[in-house]
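1. Kindly return the folded structure for what I paste below:
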Amino acid sequence: MQNVACKKTNPWLALVLILGVAFFIKFYLVEPYYDSGPSVFQVGGIYASIRNEGPGYNVLKLLKIDDGGYHIKVYSNIFPDMPVEIDETALVIVGLLDKQPNTDPGISHVPIAKQNFESWKLTFIQHGQVVEDDLEGYYVWKETQKNYF
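-> Sure, this is the predicted structure:
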């Protein structure tokens, strides 16, 4: 995969992106559920949390762990009950402007500070695959922002 990064980031675009991610975290990931899984988070692990607005559960995949925190992918799918097993091919990411019924906005990469992520009450569902396409947002972040939420 060829590494593609902007040489100069528009500061307004960066600000909008940061505010959008902060809004997403505040309203969709603040009140996760409980931990019934392993005590150590696993790269490739798929975790569920209770939705903050309305009934059901959302899922995320842990893409990478580094010294500063955890890198996750948040899927848009809403599960009415705590999932026991997930078909990864059915997981989707829908943006704020493309919202569909029975979905929440998703995001392909969110860098979360260790203490913030570790305070969430996540339920381990299964181990998944982290493929190169999953890391595209991580590579852009690594060359530009390097901030955590």
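2. After whichever strand or helix holds Phe124, heading C-terminal, what element do we hit next?
-> Element membership for Phe124 (DSSP states H and E) is strand 123-127. Counting by DSSP H and E, the element after strand 123-127 in chain order, helix or strand, is helix 136-143.
3. quick one: average pLDDT of that next one?
-> Throughout helix 136-143, pLDDT has a mean value of 90.
4. Same check on stretch 112-122?
-> Stretch 112-122 comes out at a mean pLDDT of 91.
5. can you give me the strands in this protein?
-> Remark: strands assigned in the chain by DSSP state E are 45-50, 57-65, 69-74, 107-113, 123-127.
6. want to try a markdown table for the ones you listed, with distance to Lys146 and mean neighbour count as columns?
-> Every residue, glycine included, has its C-beta placed from N, CA and C. Below are those laid out as a markdown table (distance: least, C-beta to C-beta, whole Å; neighbours: other C-beta atoms under 10 Å):
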| stretch | distance to Lys146 | mean neighbour count |
| --- | --- | --- |
| strand 45-50 | 23 | 22 |
| strand 57-65 | 13 | 22 |
| strand 69-74 | 11 | 23 |
| strand 107-113 | 8 | 21 |
| strand 123-127 | 28 | 18 |
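7. and the strand holding Phe124, which strands flank it?
-> Paired neighbours of strand 123-127 in the sheet (DSSP bridges): strand 45-50 (antiparallel).
8. Next, the angle from the strand it pairs with to strand 57-65.
-> Angle of strand 45-50 versus strand 57-65, following axes from the mean of the first three to the mean of the last three C-alpha atoms, to 10 degrees, is 140 degrees.
9. Alpha carbons only: can I get strand 45-50 in PDB?
-> Coordinates of each C-alpha in strand 45-50 appear next as PDB, following Å, rounded to 0.1, in the frame of the first residue of the first chain:
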ATOM      1  CA  GLY A  45     -10.300  -7.800  19.300                       C
ATOM      2  CA  ILE A  46     -13.900  -6.900  18.700                       C
ATOM      3  CA  TYR A  47     -15.600  -5.300  21.700                       C
ATOM      4  CA  ALA A  48     -19.200  -4.300  22.400                       C
ATOM      5  CA  SER A  49     -20.500  -1.400  24.500                       C
ATOM      6  CA  ILE A  50     -24.000  -0.300  25.400                       C
END
